[in-house]
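**Student:** Predicted model, plus sequence, below.
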Amino acid sequence: MLPYHIYMIKHIIIKTKKHKEVIDITNLVNENLSIKEGPCHIFALHTTTAVTTSDLDPGTDLDLLDAFINMVPKLPYRHPHNPAHAPDHILSSLVKSSLTLPVENGKLVLGMWQRVVLIEFDGPRDREIVVY
């Protein structure tokens, strides 16, 4: 007989403080897990925010932001409401708005230096993530 899991969806609001920033959300996700073992899916409900894993030694957040920003060329963007906003959408698409990680013993399985991070590309704003 297969184990029966009840998966709960949790909606979490994260208040970003800067126009562009990297926020460690590992503990927040762990606190909102509804399973002891299995997959955990994290999804950002925005088109200018991303989630991924990263090392967060001092300065790594700024290195990430600098690298991501420099990946997107300066072009005559055609975004209908605000062309300056287009690179933020592209960055979110490149990094991705979702992440799936294993859970074991009620905690995310991460490498020694890995943290789950939300990357804000167009803040500050209230950002919503879904943990499933």
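**Tutor:** Looks like it came in fine.
**Student:** distance of Val95 from Gly38?
**Tutor:** Going from Val95 to Gly38 by CB to CB, to the nearest Å gives 25 Å. C-betas here are computed from N, CA, C, even on glycine.
**Student:** Repeat that for Arg127.
**Tutor:** 25 Å.
**Student:** Which residue of those two possesses the greater neighbour count?
**Tutor:** In terms of neighbours (other CB atoms under 10 Å), Arg127 is the more surrounded of Arg127 and Gly38; the figures are 22 against 13.
**Student:** Which helix or which strand is home to the more buried one?
**Tutor:** Assessed by DSSP states H and E, Arg127 sits inside strand 126-131.
**Student:** Buried residues of that strand, list them for me.
**Tutor:** Residues of strand 126-131 classed as buried under the neighbour-count rule (16 or more other CB atoms under 10 Å) are Arg127, Ile129, Val131.
**Student:** would you turn these into TSV with pLDDT and distance to Ala67?
**Tutor:** Putting the buried residues of strand 126-131 into TSV (pLDDT from 0 to 100; distance: CB to CB, whole Å) gives the following:
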residue	pLDDT	distance to Ala67
Arg127	98	21
Ile129	98	23
Val131	97	27
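**Student:** Thr47: which of the residues you listed is nearest?
**Tutor:** The closest of the buried residues of strand 126-131 to Thr47 turns out to be Arg127 (CB to CB; 11.2 Å).
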